[in-house]
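Student: fold the following for me, if possible:
(2 chains)
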Protein chains: 2
Amino acid sequence: MIQAAAFHFVLLTSEGKGTLIKLVYFSRKDSSLESVGNGVQVEEVGLVTSSKKYPILDGKLHFAKFQTSKINECLDFIESKLLHGSCCSHQEISDKKQLLIKATGGGAYKYADLFREKFGIRLDKEDEMDSLVAGANFLLKLRICAVPREAFTYMEGQKDFVQIDASDLFPYLLVSIGSGVSMIKVDGDGKFELVSGTSLGGGTLLGMGMLLTNCQSFDEFLELSHKGDNRNIDMLVRDIYGVTGYSKLGLSATTIASSFGKVSFDNKELKDYKKEDLARSLLRMISNNVAQIAYMNAGHGQLKRIIFGGFFTRGHEYIMETISDGVQYWSKGKAKAMFLRHEGFLGALGAFKSYEKHGLGSLMGHHLTEQSPVASPR
Amino acid sequence: MIQAAAFHFVLLTSEGKGTLIKLVYFSRKDSSLESVGNGVQVEEVGLVTSSKKYPILDGKLHFAKFQTSKINECLDFIESKLLHGSCCSHQEISDKKQLLIKATGGGAYKYADLFREKFGIRLDKEDEMDSLVAGANFLLKLRICAVPREAFTYMEGQKDFVQIDASDLFPYLLVSIGSGVSMIKVDGDGKFELVSGTSLGGGTLLGMGMLLTNCQSFDEFLELSHKGDNRNIDMLVRDIYGVTGYSKLGLSATTIASSFGKVSFDNKELKDYKKEDLARSLLRMISNNVAQIAYMNAGHGQLKRIIFGGFFTRGHEYIMETISDGVQYWSKGKAKAMFLRHEGFLGALGAFKSYEKHGLGSLMGHHLTEQSPVASPR
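Tutor: Numbers count the residues shown, from 1 in each chain, chains lettered A, B, ... in the order given. This next block holds a predicted model:
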């Protein structure tokens, strides 16, 4: 039985064609709810309260996602789980208006009618950025007993989990790399500001990547980039000042002076370049640029942490690696990029958190323990 | 007769193939030196001191440029002008070591032997960035009597000259857009720091522009961009949040959310897009990005002025316009991008200024008057 649930509709295209539905739901410890149902892969995170004040927390958080092109799967899944939940009586369920689920993102509007008509589920809309921040704060404050398992750094192929003291969390910068990039300074629970952003984001990487390499997907683009050498495309400092660089100004010989700069002097056409090299150069260009603007917006180190997330970052190791390299470069090694394991569910988690307003108890006022995660989320 | 002269060798390619030689020289008022000689176009700026203490300033500054592929033209020109100059006696000229010309840029090393062997001219090397800054300070402090004619803003096709009070000049940010971009905070004469930069510069614009549009030159690329519509390529805020934008966060509907973002969702190939649209999108992407990083490096308005220059900016109206738009956007209308008319000669002017160290008098210690400029430099 589902105790509480929330949706995040992540719009990926202007027409909503590629929208993902992120679902977070909570079940009691004694629930018979199966982790996996109807062929849908569900990740679960066991939560145990350190106090007995909020028994609702003796249970599990579940994470699932669906493509809106297969929205029926989502609706079937919800029906199989939610409509037998204990949060509503059968009488309440038959009264369609009683069932209310927190939702955020553009699809909370787009699919409102469908959910109401098919299941009598009313989508209670939460602001998307409010939800992202609330979700991030929730994850970052998760007190882990034994091993940290949420926030991590990624350098040289190595993922290192980091324990963050909740009392030392704020302020931090949340960088969400979707098609574009939003940079949000978070000062506390419910206290945040969209301080900056850049239009050079994931959409740029994939859009340009498709034009330059004819790749058909983001994964294909990333695979290409991993095999490439950007030095055949970019102009390095050594190409201008020689192998000693311009040491007086602190520019090493291998620093990229001009992305795609070599191309501007070659008398060559697109077909003359290796796709792998073009992909690598483009990836470094966008990642470095996001890292630079993020580091500057973090006040050149005044904010303690920069957390990167969003659809184009999560789970993609090459992206995490180049972003980490970028932050390393621009901060002269003083700062490290951080990532969140469940970052793909920030919006849904934040919407879920907003049940607190409805008296479903505080999830944040005390310590949580994570138990035996099933798999790394994508 | 040439009183003093200086070179700036502007390296445009890693092999030095496209290097430009910028020449600045000074002649006395009573000199018979012609403005135009040997088919070389020379711009001149008349200077009159407001005191009689430095008679050297009663004369003209001349600006000329040569491609190193035609270096013989440069050498002939120098021979025709310089070797009859009054700075050296015939005896001194015959003693090859006596003739010393200030020079900066990579070619000051590369062409040192050629100049010495052919003319007995010794190139006295000055640091390139020192020279750029000294040249900028020189131009910005030029006291204009009647009409300001050096620094200007460029908005909506309109060039507006700006009078800057020399006592209110520092600090400012000098942004040099070459193949890459250097950002220099200038605190005074000889006081500056390379604070930042970006690898997304002119080389990126031209390199990517060539790959995406098959254009053969920068001018061709800019012409294409002027006819294009980036809204067919970029994803705007309205494509995500609808025509009302995301007003809560201050994002208008027409803000670019993701450069090339639309491409990432189209099932189209490069040939299916209009070259003009691709060029326009690329130009806006790079210009906005340089403007954003510059504005941030100017401490979000703490530095009074941001001066943009460099090979990819100068004289190119579309570039100046998009950079101005970018600064306008990121500063929310508080800051304006500025440009310099003689900016193409900063390095040479700065090297020229370094004659002061050799007792050729201060050019900066008093007021100069500009008279009847011949033409706008490119």
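Student: is it fair to say A:Ala64 lies in a strand?
Tutor: Yes: counting by DSSP: H, G, I helix; E, B strand; the rest coil, A:Ala64 falls inside a strand.
Student: phi, psi of A:Arg341?
Tutor: Dihedral pair for A:Arg341: phi -60, psi -40, per degrees, to the nearest 10.
Student: and the angle from the longest helix belonging to chain A to helix B:275-297?
Tutor: The single longest helix within chain A, with elements called by DSSP state H, is helix A:275-297. Interaxial angle, helix A:275-297 versus helix B:275-297 (axes from the mean of the first three to the mean of the last three C-alpha atoms, to 10 degrees): 30 degrees.
Student: quick one: is helix A:275-297 near chain B?
Tutor: Yes: residues of helix A:275-297 are located near chain B by C-beta under 8 Å from any C-beta of the partner chain, namely A:Leu278, A:Met285, A:Asn288, A:Asn289, A:Gln292, A:Ile293, A:Met296, A:Asn297. In short, each C-beta sits where N, CA and C put it, glycine included.
Student: same question, stretch A:315-325
Tutor: No: using C-beta under 8 Å from any C-beta, stretch A:315-325 stays clear of chain B, with a minimum separation of 13.0 Å.
Student: do the same with stretch A:64-76
Tutor: No: Stretch A:64-76 does not reach chain B (C-beta under 8 Å from any C-beta); its nearest approach is 13.6 Å.
Student: can I get the CA coordinates of that stretch in PDB?
Tutor: What follows is stretch A:64-76, C-alpha atoms only, in PDB (Å, rounded to 0.1, in the frame of the first residue of the first chain):
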ATOM      1  CA  ALA A  64      10.100   4.700 -10.700                       C
ATOM      2  CA  LYS A  65      10.000   6.500 -14.100                       C
ATOM      3  CA  PHE A  66       7.900   6.200 -17.200                       C
ATOM      4  CA  GLN A  67       7.900   7.700 -20.600                       C
ATOM      5  CA  THR A  68       4.800   9.600 -21.400                       C
ATOM      6  CA  SER A  69       4.600   7.700 -24.700                       C
ATOM      7  CA  LYS A  70       3.800   4.700 -22.500                       C
ATOM      8  CA  ILE A  71       1.600   6.600 -20.100                       C
ATOM      9  CA  ASN A  72      -0.700   3.700 -19.900                       C
ATOM     10  CA  GLU A  73       2.000   1.700 -18.200                       C
ATOM     11  CA  CYS A  74       2.200   4.400 -15.600                       C
ATOM     12  CA  LEU A  75      -1.500   4.500 -15.100                       C
ATOM     13  CA  ASP A  76      -1.700   0.700 -14.800                       C
END
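Student: could I get the full set of helices for the stretch 101-250 of chain A?
Tutor: A:107-110, A:112-119, A:128-141, A:202-213, A:218-227, A:237-241 (DSSP state H, counting those that start in this stretch).
Student: of those helices, flag the one that's most buried.
Tutor: helix A:202-213 (a mean of 26; mean count of other C-beta atoms under 10 Å in any protein chain shown).
Student: where in chain A is pLDDT low?
Tutor: By pLDDT under 70, the weakly predicted segments of chain A are A:1-3, A:11-18, A:28-39, A:46-58, A:82-99, A:143-148, A:244-245, A:249, A:357-378.
Student: now A:Gln67. Nearest residue, chain neighbours left out?
Tutor: A:Leu20 (6.1 Å; C-beta to C-beta, 6 or more residues apart in numbering or on different chains).
Student: do the same with A:Met155
Tutor: A:Ser324 (5.3 Å).
Student: please list all residues in contact with the one you found.
Tutor: Neighbouring residues of A:Ser324 by C-beta atoms under 8 Å, 6 or more residues apart in numbering or on different chains: A:Thr153, A:Tyr154, A:Met155, A:Lys336, A:Ala337.
Student: apply 6 Å and report the result again.
Tutor: Residues in contact with A:Ser324 (C-beta atoms under 6 Å, 6 or more residues apart in numbering or on different chains) are A:Tyr154, A:Met155, A:Ala337.
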